[in-house]
Structure formats: structure tokens, C-alpha cells
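[1] kindly return the folded structure for what I paste below:
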Amino acid sequence: MRYHLGWVDEQGQTQSGSAPLNFQSALALTSCEALGGDFQSALPVAASVDLVYNFTLVHGDVQAGRAEPGDRPSIWWVWGPAQAINAGDGLHALGRTTMMRLAQNDVPADRVLRAVGSLDQACLSLCEGQYMDLQFQDQMLVSSADYLDMIGRKAGALAACAAESAALTAGSTDNVCAQFAQMGRSMGMAWQIARDIDDLWGERGDGMTPSNVINKKKSLPLVHTLETASVSIKRELGAIYMKRVLEDSDIAKMIEILDNTDARQTSQAKAKELVEQALAGLGGVSQQGKDALAGLGQWAAEGGR
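    You can find the predicted model right below:
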């Protein structure tokens, strides 16, 4: 677990530097402050959702067969799938017990229990979303509504938990907590769309990313094209996706098709729309708080990591 979090190398030696704050954790701290609370009170929430998010990454690497998801080999590649699953389960358990540390910050017991319940529900929802995402890989046609439902669970649920638990920490009313949960869900969906765009086009914009070569994920740009493009383009994409293994030339052709249908711009516009919807539903927040949340939303819509 220390290795996955970037604290040590494969030999257990301490690593210099630190991992960047992830979106869900930043949302928890920003939400608490936006509601007039001290962000330090929400640190258990931020740490909890970070640990659970990393649990999904460890298991996701095993499911997708990603050997090097970032700047280092994945746990399963170094120690095997069994140890990776074990480490992922450990991260999940740590995330849950960390949420309980809200009690040490004088958060009332009933609110701590609600936050833990929110986390448990988020974990169930994100597992449902991951199930749908994996299932979509074997389907040629996936609707935009199905895709949005999937990311609402896979990414939106944990972000909703982060925002709602922060509101509980700040002592907000039930109505405000519900508003922040919905805000978090929409921002989490925008964040996932942006991540899917980055994963599809790659750092160079040519689609040469490991996840695309290994699997056949149905991200919004592809879903949009399959829904709106001409029959000939649908057939061309279908011919590519019917192959057992995608070659580099297939990925390049797919990116060319998506570029010609403005799929990337349309998906980016949807991410921005979700952020706007998230902020429009908030009440009782200071202008400074709204500005901070708006900045975070923009970061999410641009694929903030």
C-alpha cells in the first residue's frame, strides 16, 4: 500500500516528493470551507475518499491488465494479482476507518455515522459503475444515457460522498447536505468525462495510450459518434471494434474518425455543462465559497488529477 501511494519504492526505501491532491479530496476540503467550516475538520473525509479512490485504482489495474498505469509498475505487476487484490481491500478498509476519525474532530456521532454510511453507499455504487463499464466493453452500442448513468455511479458517487460528508462536518442542514451531494455527483461526472478524453487521445493527442490498446472502453466521445455519425462511419468503427486485439493503426484510425465528428469538443462541452449544473443548484454559500468551487469545477472539467 505504501508503494502504491508513492511513499516507498519496490524495496521499501522512502521516496522523495509527494502525490498530488486528487479531485475527490480537494472537493471535500473546498466544500467544508465554502460552508464556513475549517477545512482541517474535513481532513478525515479527504483522506478517506483518497484511500477508497486508490482502492479502485489498484483493483482497476488488475481488471484492465495495466502493467504501468503511471510513473511506476502497478502492484499486480510487481507482486502479482493476489497481493494487489489484498492491498486494494486493505486500502478500502483503511478508508472506512479513516472516515470514523471525524469523531476526533468533535463531529457529532450521528453525523459521523451518516458520513460512514455515505461512504459505504458510494463504494457499492462505484462497484456497480465499474461492472457497467466492464460490461460495455463487450457491447457495440451504448447510449449516452447509459454512459452517464455508469459514470454517475463509477465517479459521481465517491465525489458525492466527499461533498456530502464535508457538509456534514461543517454542521450543515439536511437540505444543504443533499445539495452538496448532488453537486459532488455532477462534478465527479464532469471529472470522469475529462479523464476519459485524456485517456482516449493520450498525451500527444494521437490515442496511443495503454488502456486503449488493451481494452475497448466505451467513453463519451465514442458513444457520441456511434449515436450521431453516418451509417458508413458506424460500420467503420464497428469493423475496428470487432477485432480481437486493436493495433496501433486501428487506434490512430479511430482517433481520426472521432476528430472528424467533433466528438472531443462535444464531450468537453458536456463536462462543462455538468459543472454549471452542479454550481447552479447550490444555496447558502458565500461568493468566495462559490468562486472556490467554480475553480475546482473548472479543474475537474479539464481532467484534474
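
[2] what helix or strand is residue 253 located in?
    helix 248-260 (DSSP states H and E).

[3] list the helices and strands that helix packs on?
    Secondary-structure packing of helix 248-260 (3 or more Cβ pairs under 8 Å, 6 or more residues apart in numbering; DSSP states H and E): helix 174-201, helix 210-214, helix 220-228, helix 231-241. To be clear about C-beta, it is placed using only N, CA and C from the backbone, and glycine gets the same treatment.

[4] so for the first one, what gets flagged as buried?
    By that I understand helix 174-201. Judged by neighbour count (16 or more other Cβ atoms under 10 Å), helix 174-201 contains these buried residues: 176-177, 179-197, 199-201.

[5] how about the last one?
    With burial defined by 16+ other Cβ under 10 Å, the residues of helix 231-241 counted as buried are 233, 234, 237, 240, 241.

[6] from those, which is closest to residue 94?
    residue 241 (38.3 Å; Cβ to Cβ).

[7] next one: the nearest residue to the closest one once chain neighbours are set aside from residue 74, what distance?
    Of all residues not flanking residue 241 in the chain, residue 216 sits nearest, at 5.7 Å (Cβ to Cβ, 6 or more residues apart in numbering). Distance of residue 216 to residue 74, computed by Cβ to Cβ, to the nearest Å: 20 Å.

[8] so which of these two has more stuff around it?
    Neighbour count, other Cβ atoms under 10 Å: between residue 216 and residue 74, residue 74 has more, with 23 against 19.

[9] quick one: the more buried one and residue 87 touch, right?
    No - between residue 74 and residue 87 there is no contact under Cβ atoms under 8 Å: 10.3 Å.

[10] which of the helices and strands in the protein ranks last by mean pLDDT?
    helix 210-214 (a mean of 50; mean pLDDT, DSSP states H and E).

[11] if we can go back for a sec, format the buried residues of helix 231-241 as CSV; extra columns: pLDDT and distance to residue 104.
    Putting these into CSV (pLDDT from 0 to 100; distance: Cβ to Cβ, whole Å) gives the following:
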residue, pLDDT, distance to residue 104
233, 88, 57
234, 85, 56
237, 84, 53
240, 83, 54
241, 77, 51
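
[12] flag the shaky bits of the stretch 151-300 of the chain, pLDDT-wise.
    203-215 (pLDDT under 70).

[13] before we move on, back to that, angle of the helix holding residue 253 against helix 231-241?
    Here helix 248-260 points in a direction 150 degrees away from that of helix 231-241 (axes from the mean of the first three to the mean of the last three Cα atoms, to 10 degrees).

[14] so how far is helix 248-260 off the chain centroid?
    The chain centre lies 25 Å from the centre of helix 248-260; the measure is Cα atoms, centre = their mean, to the nearest Å.

[15] any idea which helix or strand comes after that helix?
    helix 263-280.

[16] make TSV from the helices and strands packed on helix 248-260 and add distance to residue 24 to it.
    Conversion of the helices and strands packed on helix 248-260 to TSV gives the following (distance: least, Cβ to Cβ, whole Å):
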stretch	distance to residue 24
helix 174-201	7
helix 210-214	20
helix 220-228	20
helix 231-241	31
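
[17] out of the ones you listed, which gets nearest to residue 67?
    Shortest separation from residue 67 across the helices and strands packed on helix 248-260 is recorded for helix 210-214, at 7.7 Å, computed as Cβ to Cβ.

[18] looking at this, residue 70 is in a strand?
    No - read with DSSP: H, G, I helix; E, B strand; the rest coil, residue 70 is coil and lies in no strand.

[19] list phi and psi for it.
    Residue 70 adopts backbone torsions of phi -140, psi -130, taken as degrees, to the nearest 10.

[20] that one and residue 57, how far apart?
    9 Å.

[21] mind checking which of these two has more residues around it?
    Looking at residue 70 and residue 57 with other Cβ under 10 Å, you find the greater number of neighbours at residue 57, namely 17 against 13.

[22] and the pLDDT for the closest residue to that one other than its chain neighbours?
    Spatial nearest neighbour of residue 57, excluding adjacent residues (Cβ to Cβ, 6+ apart): residue 69 at 7.1 Å. Confidence at residue 69, expressed as pLDDT, is 80.

[23] right, and residue 69 touches residue 63 too?
    No - counting by Cβ under 8 Å, residue 69 does not reach residue 63; the two are 11.7 Å apart.

[24] more neighbours: those two, which one.
    Per other Cβ under 10 Å, whichever of residue 69 and residue 63 has more neighbours is residue 69, with 17 against 14.

[25] distance of that one from residue 274?
    For residue 69, the distance to residue 274 - Cβ to Cβ - is 25 Å.
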